[in-house]
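coordinates only, no sequence provided:
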């Protein structure tokens with residue numbers, strides 16, 4: 001916050017300095033997906049990569065859809081922290097943890113239905129479906145720990161302890177990589193090993209940080225957490241309503257990426273596997289560029305709070321320019337090292353061949369997508385969540401309609417052309433709503 005107060009110009013240098021810590025925590029998340037893809041991509045058969053692609057896409061959609069638990073925790077905790085209401089912070093934390101566990105329990109109960117929907121939607125081969133079921137049978141039991149970790153991250157962000165939240169993300173990501181690699185490479189557990197690696201990493205991280213958080217609360221707030229007076233109807237309704245827009249936005253966004261998986265599965269398992277590999281490039285770029293969006297959220301909120309329109313416009317321009325330049329650099333790096341990276345990720349020649357045919361999409365998508373990433377951060381910082389929701393719904397519906405047409409004539413290139421247009425739709429719809437932010441001044 002001192003950085004904000006030191007200047008109202010919000011220079012590019014300030015934005016970069018604020019983004020550096022976020023880069024490292026954001027980088028850890030896609031690395032898990034890249035490693036898992038590489039582990040499956042070097043087993044010699046496409047079915048392993050196809051199974052991981054479908055199963056992880058579905059699980060990601062389910063878990064990320066409840067990301068509002070983290071965001072809701074941030075907002076409520078931050079407001080209570082500003083009032084120095086430490087007891088309310090603890091009640092909010094415990095209340096959200098209970099809700100997270102209830103949600104996780106419901107997801108576990110509906111696992112058979114999830115499997116059935118996957119089979120009906122993707123029509124995988126019998127061998128691939130067995131592998132998908134193997135993954136889900138293990139991975140679904142990591143959901144309680146993963147959702148609790150969401151809450152803990154939101155708690156530390158809310159009390160402005162971003163280093164702890166970043167370390168938590170890095171910790172679970174690298175544990176995941178280590179355990180999955182050992183279980184697959186040393187014990188040859190294949191799909192089961194990847195799922196078990198996530199399960200073990202999630203619970204170790206969850207247990208360690210619950211104990212750490214308990215001691216942190218006792219020492220910092222001088223209050224012992226107790227499960228008393230938590231079921232307050234008004235508080236729970238507020239929590240469930242506060243980020244409904246974000247929930248819908250995230251649900252539609254994750255559905256869009258699941259749709260890419262679906263389209264690839266309809267073309268063939270080789271293309272499904274290739275799209276899984278190529279999506280790692282897009283995800284890595286998005287998490288990297290999102291660091292600017294995350295750091296911009298706080299600056300935008302600060303500028304709006306001060307009703308300083310000039311500073312707001314400055315930070316919008318500077319952050320978008322930095323994001324675009326960074327996206328170009330990422331594309332150049334991909335252009336130079338694409339072949340070498342693909343050869344590391346998979347040893348299957350047909351997948352390498354198809355990947356090389358599609359490399360152009362990996363190059364051109366980041367500079368186009370960077371605008372929607374940055375605009376997302378600007379709208380969140382401005383608390384314009386309805387606009388984010390509406391923009392995402394319109395963009396996803398447009399993406400689905402366009403993809404059906406393009407894949408019919410361009411097959412897998414149509415999938416990637418549609419994804420590029422989806423990023424463009426998001427930018428254009430958010431740009432349309434931008435005037436609503438300016439009304440705040």
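Thanks, I have it. Note that the structure is a prediction, hence the values are computed from the model and not measured. Numbers count the residues shown, from 1 in each chain.

burial measure for the residue nearest to residue 41 when sequence neighbours are not counted, as a count.
Spatially, and ignoring its direct neighbours in sequence, residue 41 is nearest to residue 346 (3.4 Å; Cβ to Cβ, 6 or more residues apart in numbering). In short, each C-beta sits where N, CA and C put it, glycine included. Close neighbours of residue 346, defined as other Cβ atoms under 10 Å, add up to 24.

now residue 346: how far from residue 314?
Residue 346 sits 45 Å away from residue 314, going by Cβ to Cβ, to the nearest Å.

before we move on, the earlier item: the residue nearest to residue 41: what's it in contact with?
If you count contacts by Cβ atoms under 8 Å, 6 or more residues apart in numbering, residue 346 has them with 38, 41, 42, 49, 273, 277, 352, 355.

report the rounded mean pLDDT for the helix or strand where residue 31 lies.
Residue 31 is located in helix 12-41, with elements delineated by DSSP states H and E. For helix 12-41, mean pLDDT is 76.

got it, and stretch 270-282?
Average pLDDT, stretch 270-282: 91.

what comes up buried for that stretch?
By neighbour count with 16 or more other Cβ atoms under 10 Å, stretch 270-282 contains the buried residues 270-282.

domain ranges for the protein?
The chain is divided into the following domains under automatic domain parsing: 1-24+242-441, 43-230.

present the ones you listed as JSON lines; the columns should include distance to residue 32.
Putting the domains of the chain into JSON lines (distance: least, Cβ to Cβ, whole Å) gives the following:
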{"stretch": "domain 1-24+242-441", "distance to residue 32": "10"}
{"stretch": "domain 43-230", "distance to residue 32": "5"}
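
residue 33 is nearest to which of these?
Across the domains of the chain, residue 33 has its closest neighbour in domain 1-24+242-441 (5.7 Å, Cβ to Cβ).

where does the stretch 201-350 of the chain dip in pLDDT?
Applying pLDDT under 70 to the stretch 201-350 of the chain flags residues 227-243, 298.

for it, which segments count as helices?
Per DSSP state H, counting those that start in this stretch, the stretch 201-350 of the chain carries helices over the ranges 233-242, 244-267, 269-305, 309-345, 349-357.

the inter-axis angle of the fourth one versus helix 12-41?
Direction vectors for helix 309-345 and helix 12-41, defined by axes from the mean of the first three to the mean of the last three Cα atoms, to 10 degrees, enclose an angle of 20 degrees.

and residue 191, how many neighbours?
When neighbours are counted by other Cβ under 10 Å, residue 191 registers 28.

my read is that it contacts residue 45, right?
No. Residue 191 is not in contact with residue 45 according to Cβ atoms under 8 Å; the separation is 11.1 Å.

picking that back up, out of the buried residues of stretch 270-282, who's nearest residue 138?
Nearest to residue 138 among these, counting by Cβ to Cβ, is residue 276 at 19.2 Å.

ok, the closest one - contacts?
Contacts for residue 276 (Cβ under 8 Å, 6+ apart) come out as 37, 49, 50, 52, 53, 261, 264.

name the residues that touch stretch 197-206?
The contact list for stretch 197-206 (Cβ under 8 Å, 6+ apart) reads 32, 138-139, 141-142, 145-146, 148-149, 168, 171-172, 175-184.

let's see 7 Å
By Cβ atoms under 7 Å, 6 or more residues apart in numbering, the surrounding residues in contact with stretch 197-206 are 138-139, 141-142, 145-146, 148-149, 168, 171-172, 175-176, 179-180, 183.

now do that stretch: distance to the chain's middle.
Put simply, stretch 197-206 sits 18 Å off its chain's centre (Cα atoms, centre = their mean, to the nearest Å).

coming back round to it: let's see if you can find the most crowded of the contacts of residue 276.
Using other Cβ under 10 Å as the neighbour criterion, residue 49 leads these with 32 neighbours.

that one contacts residue 38, correct?
No. Using Cβ atoms under 7 Å as the test, residue 49 is too far from residue 38 to be in contact (9.8 Å).

and for residue 217, the neighbour number?
19.

that one touches residue 90, doesn't it?
Yes. Using Cβ under 7 Å, residue 217 makes contact with residue 90 at a distance of 6.2 Å.

let's have the contacts of residue 346 in a markdown table, adding distance to residue 421.
Below are the contacts of residue 346 laid out as a markdown table (distance: Cβ to Cβ, whole Å):
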| residue | distance to residue 421 |
| --- | --- |
| 38 | 29 |
| 41 | 28 |
| 42 | 33 |
| 49 | 26 |
| 273 | 23 |
| 277 | 21 |
| 352 | 27 |
| 355 | 21 |
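
nearest to residue 94 among these?
In terms of Cβ to Cβ, no member of the contacts of residue 346 lies closer to residue 94 than residue 38, at 39.3 Å.

contact partners for residue 214?
residue 225.

how close does it sit to residue 161?
15 Å.

which non-adjacent residue is nearest whatever residue is furthest in space from the centre of the chain?
The outermost residue of the chain relative to its centre, with distances by Cα atoms, centre = their mean, is residue 222 at 34.1 Å. In space, and not counting its chain neighbours, residue 222 is closest to residue 86: 7.7 Å by Cβ to Cβ, 6+ apart.

I figured the one you found hits residue 219, correct?
No. Using Cβ under 7 Å as the test, residue 86 is too far from residue 219 to be in contact (11.9 Å).

hang on, the earlier thing: what is the helix holding residue 31 packed up against?
When contacts are defined as 3 or more Cβ pairs under 7 Å, 6 or more residues apart in numbering; DSSP states H and E, helix 12-41 packs onto helix 46-65, helix 162-181, helix 190-221, helix 269-305, helix 309-345.
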